[in-house]
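J.: with the input below, show me the fold.
(one chain, ligands or ions: 1)
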Amino acid sequence: MSTRVRGGKYVVHGGAVLRGRVVISGAKNHALAAMCAALLTNEDVILENVPDISDVDSLSALLVSLGAEVGRLPNGALRLNCRNVSMFEAPTELISENRASFQVMGPLLARHGYAASAPPGGDVIGQRPIDVHLSGFEEMGASVTRDGERFVARAPHGLHGTRVFMDYPSVSGTQNVMMAATLAKGRTTIVNAATEPEVQELALLMNAMGARIHGLGSQMLEIDGVDALHGTTSRIMPDRIETGTFAIAAVMTGGDLVIEDAPAGVLDALLNKLRGAGASITEDGDRLRVWREGPIRSISFQALPYPGLATDLHAPMAALLTQATGVSIIHERVFDNRMLYVSELRKMGAEIVSTGSSAIVSGPTPLHGTRVRALDVRAGAAVLLAALVAQGTTIIDDVYHLDRGYERLTEKLHGLGVEVERN
Ligand code: EPU
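T.: Numbers count the residues shown, from 1 in each chain. This next block holds a predicted model:
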């Protein structure tokens, strides 16, 4: 597994028109949850198409610290075996690396009756509470206490099925409670469940492991607990946010991209907005062709839970709209601090004002290269997109944030005609 260091910078030479073919990698947020699900069984879970990104590295390190075996097979698939897991306390320094790490709690609690962890890390894009995870565990019979910074969940006699209402349809909260419920006694009903594709894919994976989850894709999940789960081999879905990022790059640069292995069926909101902004898009199974000939038009959007436009595409879309004619209005409805990209795009000449969770973008504005930072993974994607159309050279610091979610990014960009170096 590769090791990536904090910091790192990209030097991007502006003016590229992206052309060619790019193949989308496995989805970060499906892969991370699927890796946690391996804790639910003694048998091998083989995950194909797991991206080589630093969030996968840090979650692998966490699982290994619990006693799991995690490694790549010769064919590139990730093999996980949790037969020897004997530590039920997630080390804080590893938990703080990413958000998904807290999802070891549900499986550990369900299988071993005990789990402890500090709150998770991840991007600083809002308060990111975990109350729905914890109240779900409590409703299923666990006691949850606070020991210093750690949450300690205990269910010495096992979890039992019940009706769990999610105060907010949290993605990782739904995944955590759903994983715990697979081994609970009786039926758990999750009301107001998140419907994101990564939640559905996790349910499909666990059903392949012997779980009995019904209502996939709906806001009401019913899970009939079973005594044990078994191993399986499963393929991670392609990353819808990476797909979106490349699609936006094609539109922004006036390029023409064929995007292979794209999950077009879960990108309605994005494709609809891009067409509104002037993109031409054809869909052929898992292949998208995205190009633009005319000017970019201003559009307004809200970032919403699925099937609305993904909050993870908010910042990349804002970068695009700096090049649109007219005024675009953006409302962020998922996280309360998604605006980190605004200051960086302004340094490049963008006309954006933000207030609270809304932004107003006026365009088109010529952007110029300067020194900016990738402040989180998606804010990093936004400045990278801006750098593609900027005049001159942009230096992007802290690109380790991009390593968290984008596999082989510079290599893919080179293949599409972008001049970018990492140093
Ligand atoms: N929320 C609560 N209570 C909770 C949990 C969440 O009120 O107990 C609220 C949050 O405050 C936030 C909203 O729910 O306003 C959404 O949070 P959610 O829990 O759904 O997000 P998450 O599970 O922490 C995952 C992805 C994010 C993605 C969001 C929304 C993973 C590891 N992360 O986060 O991905 O933005 O869902 O789709 O699955 C990224 O990939 O860059 C990324 C941040």
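
J.: spell out the secondary structure type for the spatially most distant residue from the centre of the chain.
T.: Computed with CA atoms, centre = their mean, the maximum C-alpha offset from the centroid of the chain is found at His157, amounting to 34.0 Å. The local conformation at His157, judged by DSSP: H, G, I helix; E, B strand; the rest coil, is coil.

J.: what sits against it?
T.: Shown in contact with His157 (CB atoms under 8 Å, 6 or more residues apart in numbering): 113, 141. (C-beta placed from N, C-alpha, C; glycine too.)

J.: any idea which helix or strand carries Leu32?
T.: helix 28-37 (DSSP states H and E).

J.: near the ligand, which residues of the stretch 251-400 of the chain are found?
T.: 311-312, 334-335, 377-378 (CB under 6 Å from any ligand atom).

J.: mind telling me what element His331 is part of?
T.: With DSSP H and E as criterion, His331 is part of strand 326-332.

J.: buried ones in the next helix or strand after that strand, by neighbour count?
T.: As assigned by DSSP H and E, the chain's next helix or strand after strand 326-332 is helix 340-347. By 16 or more other CB atoms under 10 Å, the buried positions in helix 340-347 come out as 340-342, 344-347.

J.: hmm, which of the residues you listed is lowest in pLDDT?
T.: Checking pLDDT across the buried residues of helix 340-347, the minimum falls on Leu340 at 92.

J.: wait, doesn't that one sit right on Val377?
T.: No - taking CB atoms under 8 Å as the definition, Leu340 is not a contact partner of Val377, at 10.7 Å.

J.: what is the least confident helix or strand in this structure?
T.: helix 92-95 (a mean of 79; mean pLDDT, DSSP states H and E).

J.: quick check: angle from the helix or strand following that one to helix 28-37?
T.: For helix 92-95, the succeeding helix or strand toward the C-terminus, using DSSP H and E, is helix 105-112. Orientation check (axes from the mean of the first three to the mean of the last three CA atoms, to 10 degrees): helix 105-112 against helix 28-37 gives 20 degrees.

J.: hmm, back to that, show me what the strand holding His331 is in contact with.
T.: 297-303, 311, 314, 317-318, 321, 338-339, 357-363.

J.: could you list the buried residues of that strand?
T.: 328, 330, 332.

J.: please apply the same query to stretch 28-48.
T.: Quick answer for stretch 28-48 (16+ other CB under 10 Å): 28-41, 43-47.

J.: how about stretch 292-303?
T.: So, applying 16+ other CB under 10 Å, buried residues of stretch 292-303: 292, 296-299, 301-303.

J.: sheet-wise, list the partners of the strand holding His331 with their directions.
T.: Strand 326-332 has the following strand partners under DSSP bridges: strand 301-303 (parallel), strand 358-363 (antiparallel).

J.: hang on, Glu43 packs against His230?
T.: Yes - counting by CB under 8 Å, Glu43 touches His230, with 5.2 Å between them.

J.: before we move on, the earlier item: relative to the ligand, which of the buried residues of stretch 292-303 is nearest.
T.: For the buried residues of stretch 292-303, the minimum distance to the ligand (CB to the nearest ligand atom) is 9.0 Å, reached by Ala303.

J.: who does that closest one bridge with?
T.: Leu309, Glu332.

J.: what's near enough to touch the nearest residue to Met179 once chain neighbours are set aside?
T.: Nearest residue to Met179, sequence neighbours excluded (CB to CB, 6 or more residues apart in numbering): Gly106, at 4.1 Å. By CB under 8 Å, 6+ apart, Gly106 lies in contact with 36, 115, 133, 137, 175-180.

J.: is any residue of the helix holding Leu32 near the ligand?
T.: Yes - applying CB under 6 Å from any ligand atom, one finds that helix 28-37 is in contact with the ligand at 28-29, 32.

J.: now do the SS call for Ala194.
T.: Assigned by three-state DSSP, the conformation of Ala194 is coil.

J.: distance check, it against Thr182.
T.: Computed as CB to CB, to the nearest Å, the Ala194 to Thr182 distance reads 17 Å.

J.: swap in Ile248?
T.: 37 Å.

J.: how about low-confidence regions in the stretch 101-250 of the chain?
T.: For the stretch 101-250 of the chain, the stretches with pLDDT under 70 are 122-127.

J.: tell me where it has strands.
T.: Ranges of strands in the stretch 101-250 of the chain, per DSSP state E, counting those that start in this stretch, are 114-117, 143-147, 150-154, 163-165, 187-191, 212-214, 220-224, 232-235.

J.: pick the most deeply packed of those strands.
T.: The highest mean neighbour count among the strands of the stretch 101-250 of the chain, using mean count of other CB atoms under 10 Å, belongs to strand 114-117: a mean of 22.

J.: other residues contacting that strand?
T.: Under CB under 8 Å, 6+ apart, the answer for strand 114-117 is 88-90, 95, 101-102, 104-106, 108-109, 147, 150-156.

J.: anything in it near the ligand?
T.: No - against the ligand, strand 114-117 shows no contacts by CB under 6 Å from any ligand atom, the least distance being 14.0 Å.

J.: how far off centre is that strand?
T.: When C-alpha coordinates are averaged (CA atoms, centre = their mean, to the nearest Å), strand 114-117 and its chain have centres 24 Å apart.

J.: export that strand as PDB, just CAs?
T.: Extracted in PDB, the C-alpha atoms of strand 114-117 (Å, rounded to 0.1, in the frame of the first residue of the first chain):
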ATOM      1  CA  TYR A 114     -18.200  -3.800  23.100                       C
ATOM      2  CA  ALA A 115     -16.700  -1.000  21.100                       C
ATOM      3  CA  ALA A 116     -14.900   2.300  21.900                       C
ATOM      4  CA  SER A 117     -13.700   5.100  19.800                       C
END
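
J.: endpoints of stretch 91-110, how far apart?
T.: End-to-end distance for stretch 91-110, by CA to CA, to the nearest Å: 19 Å.

J.: how about that stretch and the ligand, touching?
T.: Yes - Stretch 91-110 is in contact with the ligand by CB under 6 Å from any ligand atom, via 99-100.

J.: for the least confident helix or strand of the chain, enumerate the helices and strands it packs against.
T.: helix 54-66 (3 or more CB pairs under 8 Å, 6 or more residues apart in numbering; DSSP states H and E).
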